[in-house]
Every structure is written in C-alpha cells, then in structure tokens.
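Enquirer: Mind looking at a prediction? Sequence and model below.
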Amino acid sequence: MILEFSNFSFSCGDRKILDTVSFTAEEGEYICITGPNGAGKSTLLKCLVKIIKGDEGNIFLFGKDINDYPQKDLARLLGYVPQSTDQTFPFNVYEFISMGRYPYLNPFSRLTRRDIRVIDTIIELTELTAFTERNLNSLSGGERQRVYIAASLVQEPRVLLLDEPKNHLDPRHCQEVQKTLSEISSRLGITTIHVTHDLSHISRWSHKIIALKSGVILFEGKPDDIVTPLNLKKLFDTDFHTFKNPGEHHQIIVPFA
Amino acid sequence: MKNHSSKSIKIVFLLIFSVTVIMITPLIGIKFLSLSDVFSFNETANREHTIFWKMRLPRALMAFSGGAVFAISGMVFQAIFRNPLVSPFTLGISAGASLGAAIYIWLGFSFTILTFSGISIFSFSGASFSIAIIWMLANMKDKIATTTMLLAGVAVSFSFASLIMLIQYVSGIGESVRITRWLMGGLVVFGYDSIRSIVPLATGGLLLTLFYRNELNLFTVGEELAISRGMNTTLVIRVLFLGISIMIGGTVSLCGPIAFIGIISPHICRLVIGHDHRYLAPATFLFGGSFLTICDTLARTLCPPAEIPVGVITSLLGGPFFLWILIRRPPGSNHWI
C-alpha cells in the first residue's frame, strides 16, 4: 500500500466537497475515479498535491502524512496532469517539459547531465522528439496533453495523477494518449490515479474503480464487479446498456437514450 | 542549445551597451566634456572634473539604478500576478511614498539625518506603511490570494492619491507645486550619498530575482501547476513581495515615482529575449537602467537651461517606442499582448 486516504474531508464554506473519503492504492495499480460532474473528483487530486488543504482526516503517502512532506519532496513522488485548459504559455515544448525537473533543482544549480538524460528519455517515450522546438501555443489539443504528461513524468513520480486527460480529444488522439499512459505506467511501474467520465475506458484499463457522488464513495472494486447497469444508474441517475466487446474481455457502456 | 547562446550574446551586448551609456551620457550636457578634462587628476580644482565626477556620473548611476529597479520589479510583479498591466506602482507602494513626501513638504520640514534627506525618510516611511497594509491583508488567511493583494493595492493607491490631493488643496501654492514636481520624479544628486543607498538596493533586487528565476518561470504557467511541480508558492510570494517592495520603496523615496519604465521594460525584453527569467531578469535590469539614463540625459539637455521632468520623457518616449515594437513583433511571440 503506497497511498491511503483515511476519512478525508474537504469543505468549501458549508458544502462538503469530499466527505470522509477512505481508500488505498497499491504499487503499480491503475485506479480510475469516476462520477458525475461536481462529485469532487478533481478536488480529490488537488488535495493530494496540496494545491488545496483538507479539513479533516489524513492522506498518507508511503506511510507518511502528506502534510509532513515539503512540497518539493511531494513533487518527486506525485506527478499531476491538470484538466486541459485553453491557457497559453510562452514556452517551447522542451523548456516546458524541463520545468518539470524543478523539484530536483536548487537555486544555484543548472540542469545536470542526469536531469537532461531523464528529460530526453521521457521525450522519446512520449514520442515528442519532433516537437521539442515547437511553441506550446502551436500544438493541437492531443499534442499538448502529451506534453503535459511528459512534463509531469520528468518529475520521476511514483504516482501519476491524471485529471480527465482525454477531455476534448477526438477518438484517435484519445487512443494515442491512453496508449502512451498505459504503456508508461506499466513500463515504469507507476501507480496511476485517473479521473474520467469515460466509462468504456474505465472497464478496459483500470484495476480498480472508485465511484464518487456528492463527495462520498458510492462503491469501489474491480471493474467487472462494479460496472453494472444498476450501479451506473445509481451513480449517474440515468440508464445504461452494457455490452461485451466481442473478442475482448472488456465491456462497452452506452447511456440509454 | 543554439537558442541559449544567442540569448547569452544578447545579454553581453546589453551589458556592453549599458556600461557605454553610463560612461558616455555624463559627458553630454549644457557643457560638453572631453575625456581629457575628466581624467585630468592633477588639477583638483578643475571645474569639468567636478561636473563629471561629482554631478553627472552620480546622476547617471542614480538613473541607471532607478530604471533597473523599476524595470525588474515590474517584471517580478507581472510574473507573480500573471498580469501584464501590473507596474511597480500598482500595489500602492509608491502612493505611500508619495504621501510621505507630500506630508513632509506640506509641514514645511527641512532636515537631514545622517546622509538621508528628510523627504526620503518620510517617503520611505510612507512606502513601508503601504507595504505593511498589503502584507497584513495578504496574510489574513494561511494561503496568499494574489488577486486580493492586487485589488487591495489598487484600493490603497487610490486612497493615498486622494489624500495627496487633499494635502495639495489645503497647502499653499508653493508647497503644492513642489509636491507636484516631486511626483514627476527627479534625479538631481550631488555626490555619492544617495548612490550608496540605491546601488545596493538594485543589486540586491537583481540577485533576489535571479535566485528565484525557476520559480518566476513556474508562476508563468499558473499557480496550481507550480505547486504540483513542488514550489512553495506562498513562501516565494511572501519573500519576493517583501524584497521587491522594500526595493521599490527605497528607490521611490530617492528619485520619485518615475512613470512607465516598470511596465514597458519587461514587455520589450520579453519580445526580444523570451520569457525565460534566467535571461529575462538580467536583460530587463540592463534595459531599464539604460533606458532611464538615456531619458534623463534628454531631460537635462533638450531645453537648456531648464530641465524637463524625467517622468515626462519616459512616458513620451516609451509609449510610441512600445507601440512600434508591438506592431513589429512576429505573430505569436508574446502570449499576453
């Protein structure tokens, strides 16, 4: 067990965004967090990286409370890929990715040979070699998403946190990004926590699903046990059909119209 | 890598240019000086010698340091607040300094403590008052909200500006004119007393900025992403705000709030050298310094024997220059403008 949420709560004014959330993650696990809009999925990730602070309960990372980690040490363990935005940055791909080495730098050092080797390896792994000189603003949504993933991977994290990384992507780019993610997480042995609405994706890639609704964990478990039309109706308040994908073992899930 | 060396060359060029500006501009004036006058050390009573070493050179150093401080503090504030319109004066520090100076003139004081003039002491106290107010507002919660800081600064600025107007209204015509003149900024110095205060301020500011160069780059990509990369944003904002504010307060109390350098110099340098603060910080420092030194030379020579307030020149020259650069910039070169 490398990550544990223990009765963790976060509120915004009177409203409880996360309400006594508890779950654990094992090394190398691919966990999906799903649920309707406003369920607290993104908040959960932000609390984990200490972008926002929880009110009650604890989050333990490698057995130590995250509040006991200096931010730099936390960044060496957690890579965070935020929800995609239209924000533009005035850096090129290489510059942006190398900024991910920040937790390894001190104010007097430059990038060392080892830093550069890590950056180059990740760029190759995410197939961004052809893009390094391109300005971030000139990339397509899918390319930019890959750059974000690469930038968080150069932090050499043990846990990768993804906030709907495939939002706004067309099917092909979606596929590409997912392929990159799955390959990398299994190859580097990284634990992944992936926030998404994409239900078919959930049942195919994840080892474990956590379903959040109004800040409470509604259910959690293996995809095959969890993803049933009944459960999904409870979660999203709408009807679903599920089909077995012929020839493969995962399910296809379609909202019932 | 080619990219990096071309940026380094630009910095070296700027450095040579700056040194040249500091050396050449003191020769220019109502009386043009020649190098032989300046370096004739054997005649100690030499008038040209005094004009150069005691008046024009300290003035050039003052202008250079002041311009560099305003430029680099504008750059830091624009980065922290992620806002292209922020200037060193947005947070109300110069308003506080101006209020202090206005009170000093209004009360008709005239004193000097050690080597500091009374007006500098009053205006620095005013600036410190502003800094304290913003600091308290910003630290009311355990996390600093930069937008709150910015709005609080604007509010403080406006309140203090109206107090200055009130003081001007109730004071005599002579004092009122002196206050207005002070607000335009001026660089008149004799000897090196002020230089001994301002040069360390400017140098310290540059070193602080370079120390935080990676953090300033991370601010550019947003606070949340910066935190996730391991930056303690609250601490960095606190240190930078305090350091830069004291630097601005000290500078304004010595040469008044000189307009426009702080807001345009960083933008011009971003267009030329990019957004990486490793290069942007020294470039902005050198550019701001040279720009104010040149503007001040124009201010003292354009209509002799009168002197145009240097703040007028910076805006008058800076505005069109900036527009020209805006029009000429390659597409997509700046994500702000």
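Expert: Done, it's in.
Enquirer: So for stretch B:267-275, what gets flagged as buried?
Expert: B:267-275 (16 or more other CB atoms under 10 Å in any protein chain shown). C-beta coordinates here come from the backbone N, C-alpha and C atoms, glycine included.
Enquirer: ditto for stretch B:154-169
Expert: B:156-157, B:160, B:164, B:167-168.
Enquirer: With stretch B:91-111 instead?
Expert: By neighbour count on 16+ other CB under 10 Å, the buried set for stretch B:91-111 is B:91-106.
Enquirer: And those, which is closest to B:Gly118?
Expert: Ranked by distance to B:Gly118 (CB to CB), those are led by B:Tyr104 at 5.9 Å.
Enquirer: In this structure that closest one contacts B:Ser123, no?
Expert: Yes - the pair formed by B:Tyr104 and B:Ser123 meets the contact definition of CB atoms under 8 Å, at 7.3 Å.
Enquirer: Give me the distance between stretch B:269-279 and the centre of its chain.
Expert: Mean-position distance between stretch B:269-279 and its chain equals 18 Å (CA atoms, centre = their mean, to the nearest Å).
Enquirer: Is chain A within reach of it?
Expert: Yes - counting by CB under 8 Å from any CB of the partner chain, chain A has neighbours in stretch B:269-279: B:270, B:274-276.
Enquirer: quick revisit: of the buried residues of stretch B:267-275, closest to A:Lys213?
Expert: Using CB to CB, B:His275 is the member of these that lies nearest A:Lys213, at 41.9 Å.
Enquirer: how much space between A:Cys174 and A:Pro36?
Expert: 20 Å (CB to CB, to the nearest Å).
Enquirer: Please work out how many residues are found near the residue of the stretch 151-257 of chain A found nearest chain B.
Expert: Nearest residue of the stretch 151-257 of chain A to chain B: A:Gln155, at 7.0 Å (CB to the nearest CB). Burial of A:Gln155 is recorded as 25 neighbouring residues (other CB atoms under 10 Å in any protein chain shown).
Enquirer: before we move on, what about A:Pro36?
Expert: A:Pro36 has 15 neighbouring residues, counting by other CB under 10 Å.
Enquirer: can you confirm it is in a helix?
Expert: No - membership of A:Pro36 in a helix is not supported by DSSP: H, G, I helix; E, B strand; the rest coil, which gives coil.
Enquirer: Can you pull the residues of chain B lying near chain A?
Expert: B:143, B:211-212, B:214, B:217-218, B:220-222, B:224-225, B:227-232, B:270, B:274-276, B:332, B:334-336.
Enquirer: quick one: average confidence on stretch B:175-193?
Expert: Across stretch B:175-193, pLDDT averages out at 83.
Enquirer: Quick check: closest non-adjacent residue to the closest residue to chain B within chain A.
Expert: At 2.9 Å from chain B, A:Ala75 is the closest residue in chain A, using CB to the nearest CB. Closest residue to A:Ala75 apart from its sequence neighbours, by CB to CB, 6 or more residues apart in numbering or on different chains: B:Gly230 at 2.9 Å.
Enquirer: Can you tell me the SS state at the spatially most central residue of chain B?
Expert: Centroid-nearest residue in chain B, with CA atoms, centre = their mean: B:Phe70, separated by 1.9 Å. Put simply, B:Phe70 is helix when judged by three-state DSSP.
Enquirer: excluding its backbone neighbours, what's nearest it?
Expert: B:Gly262 (4.0 Å).
Enquirer: show me what contacts the one you found?
Expert: Neighbouring residues of B:Gly262 by CB atoms under 8 Å, 6 or more residues apart in numbering or on different chains: B:70-71, B:73-74, B:87-89, B:288.
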